[in-house]
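Visitor: 3D model of this:
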Amino acid sequence: MPRPLGELEDAVMSRVWKWNRPVTVREVLEDLQKERSIAYTTVMTVLDNLHQKGWVRREAEGRAYRYEAVSTRAAYAAALMNEAWSQSDNPAAALVAFFGMMSEEQRQSLSDAVRIVQGPETQEPTVPSESAERPERPEPGEAPPENPASAQDRDGR
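Guide: The predicted structure is shown next:
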C-alpha cells in the first residue's frame, strides 16, 4: 500500500501527473514558486525521495534528471481507497458509508465505472439491433406461435 503523499510530495506529483511527460526540477520549481517560496534544492530532494519511493522514474539528461510518473493519479487514489477499505472490520458497512458520502456526480461516476468493469457481456443493449429478429406476438385471443423445439419434443424426435 502506498503511504499517502505528504503535502509537498503531493504538490510535486500533481504537476508531474498533470503535465504527463518527463519534467525537470527547474520546471517544477518555477511552477511551485507561483504559489510559495521554495528552494531548488528542496524540489530536487522531494523528487529524489519520490524516486526512491518508486513514484517517479528518472533519466539522466546532461548533469540533471528528467522525472516521469510511474503510475497515474487515479491508480494512486485507487490504492489509497483499497487500503482504507481493506482495513475495515466490516467492508460492506464501510462501502455503504462511503457511498452515502458521495455526490450525485460521484455516484454517476461509480455507476459508469461498474459498467466498464463488468464489460459488454453483462450489459443490456441500449438500442436494439435492426437485424435482430423480434419474436412474434399473438393478437389478443390468439394462441402464441409454437416453438419448433417443443414440436420436436412432442413428436418424439
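
Visitor: state the distance from residue 61 to residue 25.
Guide: Counting by C-beta to C-beta, to the nearest Å, the separation of residue 61 from residue 25 is 11 Å. Where C-beta positions appear, they are placed from N, C-alpha and C, glycine not excepted.

Visitor: between the two, who's got more neighbours?
Guide: Between residue 61 and residue 25, residue 25 has the larger neighbour count (other C-beta atoms under 10 Å), namely 21 against 10.

Visitor: for the residue nearest to that one when sequence neighbours are not counted, what are phi and psi?
Guide: Taking C-beta to C-beta, 6 or more residues apart in numbering, and ignoring the residues beside it in sequence, residue 25 has residue 44 as its nearest neighbour in space, at 4.8 Å. Phi and psi for residue 44, reported as degrees, to the nearest 10, are phi -60, psi -40.

Visitor: isn't residue 44 right up against residue 24?
Guide: No: using C-beta atoms under 8 Å, residue 44 is not in contact with residue 24, being 9.9 Å away.

Visitor: can you tell me the element the residue nearest the centre of the chain falls in?
Guide: Nearest to the centroid of the C-alpha atoms of the chain, with distances taken as C-alpha atoms, centre = their mean, sits residue 74, at 5.4 Å. According to DSSP states H and E, residue 74 maps onto helix 73-86.

Visitor: got the contact list for residue 70?
Guide: Neighbour list for residue 70: 54-57 [criterion: C-beta atoms under 8 Å, 6 or more residues apart in numbering].

Visitor: what does residue 98 give?
Guide: Taking C-beta under 8 Å, 6+ apart, we find residue 98 in contact with residue 85.

Visitor: low-confidence ranges, this protein, go.
Guide: Scanning the chain for pLDDT under 70 picks out the ranges 1-2, 122-157.
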